[in-house]
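Visitor: Sharing a sequence plus its predicted fold:
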Amino acid sequence: MSSATLRSNFLQTGCQWKGGVKNLEGYKRNAGKVFVQCSVNSKTQKAEKQVRLGVLGASGYTGSEIVRLLANHPHFGITLMTADRKAGQSIGSVFPHLISQDLPKMVAIKDADFSDVDAVFCCLPHGTTQEIIKGLPKSLKIVDLSADFRLQDISEYEEWYGQAHRAPDLQKEAVYGLTEILREEIKSARLVANPGCYPTSIQLPLVPLFKANLIQLKNIIIDAKSGVSGAGRGAKEANLYTEIAEGLYSYGISRHRHVPEIEQGLSGAANSKVTISFTPHLMPMSRGMQSTIYVEMAPGVEIKDLRQQLRLSYEDEEFVVLLEDGVVPHTHNTRGSNYCFINVFPDRISGRAIIISVIDNLVKGASEISRPPQPAAPVPFGRSSSQQQFETGGSLPSAAVKDESTPRAPTVKIVFSSELLPPAAIAGEPWLKRKPSSRVSIPPKGSLHLELGLELKFLVVRNIVEEVEREMLPNFGDHRRSPEFVAGRRG
């Protein structure tokens, strides 16, 4: 039996358009409609040629995000997943939102067979990754999502992580994987060190400004906040609901492990030693990250100069977006996505600027994989990236993609009728004035699965999800039932 996956990818309401205001005319032409791009993938429609991938540590938060993003990718196929504590289990039994995916069962790392693997995503705890990567076949491309290969100076690794580096020779060939900054180096790398979450949210706005000599090297203050998933999936008293809910607290004050990684990247951009004041805070939310950065501008530099430099630096980058002047970045707008939203504001103190940067710490960044994965509630659904090149903080090196002629999965377009208020839509907060309705055709004998997350704030999608789960899924396998269904809230 084929398995169809209906997956919402994009809502063309203006809020996710990179051009925002400049696309206003196109928006007006489509007023009264919300377009949801969906793809239908079947287990029987596997691509003949694809990059074969292994995910080590698939049962953790970061591992599950990697699996979610790769599962429907037109060029990448998962042929190996490891999880020592979950060996022998399916990924769907650990993360039910992945239950419809046709994926291999997880195995213990000692039983892993790499003969059918071209590249590996390593999502294992800090300190354990070095030995494992040392033992991998030399032919493999590797993206390591731990902190084990991020610091070029192994003495700094020992100082900040409390143990000696066990693979110094590998460290010499590792390339730091901040794609927008080091794309060319990543293309030819065998081992890519995926950046941490805080460093990603901080370096993306600051590196271009340092390179252009627009901000001072001194008096840099960074106030950063992260969701609880940043601590990984391991059981820890400090991360219990009753300890986290209805409050926030600072941690790692003056000694957070990401400090040397941040300073390494900023010093390289400035060609001079940069020291920062960095304080992270834990927020009572599952995922998301915001860095509020206070900088002193160089003499004669104004806010408009900072904005112009960021605009020029990222105008050709899909996943880094400088918002319109005055728009405040919100973490929920990046949830489940690979986007980094940035904006710059004048400080009340003359000559200073405030930069706000937001990401999803599990996608654009990588969660702090500090302990072996433990059972927990499944991570919430997120936005699929099958319409974009896959990236997760860094990206799979281009050299790992052996064939790009693989045909993409067939797509269908579903149009949901609604009325939107243009100003609100452009600002990223559409409001429906009437309930949506739609008609969608799905191949018979299939099974329907919706994976939604970023778009859940849109009532049009939430209504459809509720209606489909309540009415369509229980009877979808019934061949006597018509393949056409009406989705949308009644009445």
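Guide: Received the coordinates, thanks.
Visitor: Please, where are all the helices along the stretch 201-350 of the chain?
Guide: 241-244, 259-270, 303-314 (DSSP state H, counting those that start in this stretch).
Visitor: Just the residues contacting the last one, thanks.
Guide: Spelled out, that is helix 303-314. Under the contact criterion C-beta atoms under 8 Å, 6 or more residues apart in numbering, helix 303-314 has outside partners 180, 205, 208-209, 212, 214-215, 297, 320-322, 325, 342, 344-346, 353, 355. (Glycine included, C-beta is placed from N, CA and C.)
Visitor: Low-confidence stretches in this structure?
Guide: Flagging of the chain using pLDDT under 70 yields the residue ranges 1-49, 230-236, 238-239, 367-491.
Visitor: Now render the helices of the stretch 201-350 of the chain as TSV, adding mean neighbour count.
Guide: Listed next are the helices of the stretch 201-350 of the chain as TSV, based on neighbours: other C-beta atoms under 10 Å:
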stretch	mean neighbour count
helix 241-244	12
helix 259-270	21
helix 303-314	17
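Visitor: In contact with residue 315, which residues are there?
Guide: By C-beta under 8 Å, 6+ apart, residue 315 has no neighbours at all.
Visitor: cool, and residue 53?
Guide: Residue 53 neighbours (C-beta under 8 Å, 6+ apart): 70, 76, 77, 78, 79, 80, 117, 118, 119, 120, 121.
Visitor: what do you get for residue 122?
Guide: By C-beta under 8 Å, 6+ apart, residue 122 lies in contact with 56, 57, 129, 132, 133, 142, 143, 144, 145, 146.
Visitor: My read is that the fourth one contacts residue 124, right?
Guide: Think residue 132. Yes: here residue 132 lies in contact with residue 124, judged by C-beta atoms under 8 Å, at a distance of 6.4 Å.
Visitor: who touches both of these two?
Guide: Joint contacts of residue 132 and residue 124 (C-beta under 8 Å, 6+ apart) are residue 56.
Visitor: Looking only at neighbour counts, state which of these two leads.
Guide: Taking neighbours as other C-beta atoms under 10 Å, residue 132 and residue 124 compare with residue 124 leading, 26 against 21.
Visitor: any idea how far the more buried one lies from residue 193?
Guide: Using C-beta to C-beta, to the nearest Å, we find residue 124 at a distance of 13 Å from residue 193.
Visitor: Tell me which of the contacts of residue 122 fall in strands.
Guide: 56, 142, 143, 144 (DSSP state E).
Visitor: Tell me how far residue 303 lies from residue 326.
Guide: 11 Å.
Visitor: who touches both of the two?
Guide: In contact with both residue 303 and residue 326: residue 345, using C-beta under 8 Å, 6+ apart.
Visitor: returning to that earlier point: how about the ones in strands among the contacts of residue 122, which pair is most distant?
Guide: 56 and 143 (10.3 Å; C-beta to C-beta).
Visitor: Mutual contacts of these two, please.
Guide: Common neighbours of residue 56 and residue 143, using C-beta under 8 Å, 6+ apart, are 120, 121, 122.
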